[in-house]
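Trainee: pasting the sequence and the predicted coordinates here, then a few questions.
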Amino acid sequence: MIFEDALQLVAVRAAAMQKACDITPSTMAAIINLSDEKVEEICAETQKETGEIVVPANYNCPGQLVISGSIKGIEVACEKMKAAGAKRALVLPVGGAFHSPLMEPAKMELQEAIEKTTFHNPVCPVYQNVTAKPVRDKDEIKENLIAQLTGAVKWTQSIQAMIENGASKFTEAGPGKVLQGLIQKIDKTTQVEGVS
């Protein structure tokens, strides 16, 4: 895929996600200082009790997980997270429940755009956050890009998989140091740097 095609897909994805946000008011919340397992348990419990959508959305680093879902579902889940010992359960100022089933309406539009785009097998493994595994097949890459709309961002698991496969130095491209900080929280033995 050429760079311009990638930019076109980013634009299509953004527009499709905005349409999904307009269909169902929804949000996300950051949960701090609670185990991933406990957050997952509370999300499932909240969904079962309320019938609302509440799912883990971003596994940022140990002790920092973002959940996604309906406004009511997130409110109920945040209270449960605090009661379970979370240091913070903070609703984020976002326009929708990204990386959740509420993004399902955006899938078809993105899939159509991806199918019209020429992809090539990569020259090196690509770790896609929806699976946290190295991928070398262009068709699998396409499938994962579509699945990421409704699937969780497994950042912690992706970094851990890269380290298990021999990575020890990470370079963050772009302004800021957020990803460098998350990587250090995942594994303090890594070397991190940034370029912008």
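Mentor: Received it, and whenever you're ready, just let me know what you need.
Trainee: which parts of the longest helix along the chain are buried?
Mentor: Longest helix in the chain, counting residues (DSSP state H): helix 3-23. By neighbour count with 16 or more other Cβ atoms under 10 Å, helix 3-23 contains the buried residues 9, 12-13, 16-17, 20-21. Backbone N, C-alpha and C define where each C-beta goes, glycine included.
Trainee: stretch 58-75 now?
Mentor: 58-61, 63-70, 72-75.
Trainee: ends of it, how far apart?
Mentor: One end of stretch 58-75 to the other measures 17 Å (Cα to Cα, to the nearest Å).
Trainee: quick one, domains of this protein?
Mentor: Taking automatic domain parsing as the domain assignment, the ranges for the chain are 3-9+103-195, 23-98.
Trainee: deepest in the core, which of those is it.
Mentor: domain 23-98 (a mean of 19; mean count of other Cβ atoms under 10 Å).
Trainee: gap between the two ends of that one?
Mentor: So domain 23-98: terminal residues 13 Å apart, Cα to Cα.
Trainee: from the chain's centroid, how far away is that domain?
Mentor: Remark: domain 23-98 is offset 13 Å from the chain centroid, using Cα atoms, centre = their mean, to the nearest Å.
Trainee: next: stretch 117-137.
Mentor: That offset, for stretch 117-137, works out to 16 Å (Cα atoms, centre = their mean).
Trainee: quick check: Ala83 vs Ile23, distance?
Mentor: The gap separating Ala83 from Ile23 is 31 Å, by Cβ to Cβ, to the nearest Å.
Trainee: that should have said Leu145, apologies.
Mentor: Taking Cβ to Cβ, one finds Leu145 at 21 Å from Ile23.
Trainee: likewise Lys72?
Mentor: Lys72 is 16 Å from Ile23, by Cβ to Cβ.
Trainee: just Ile163 next, same as before
Mentor: 39 Å.
Trainee: contacting residues around the residue nearest in space to the middle of the chain?
Mentor: In the chain, the centroid-proximal residue (Cα atoms, centre = their mean) is Val153; its distance is 2.4 Å. Val153 makes contact with 57-59, 99, 129-130, according to Cβ atoms under 8 Å, 6 or more residues apart in numbering.
Trainee: with distance to Leu110 and pLDDT added, can I get the residues you listed in CSV?
Mentor: Below are the contacts of Val153 laid out as CSV (distance: Cβ to Cβ, whole Å; pLDDT from 0 to 100):
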residue, distance to Leu110, pLDDT
Ala57, 17, 98
Asn58, 19, 97
Tyr59, 22, 98
His99, 13, 96
Asn129, 16, 95
Val130, 13, 96
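Trainee: sweet, I'm off.
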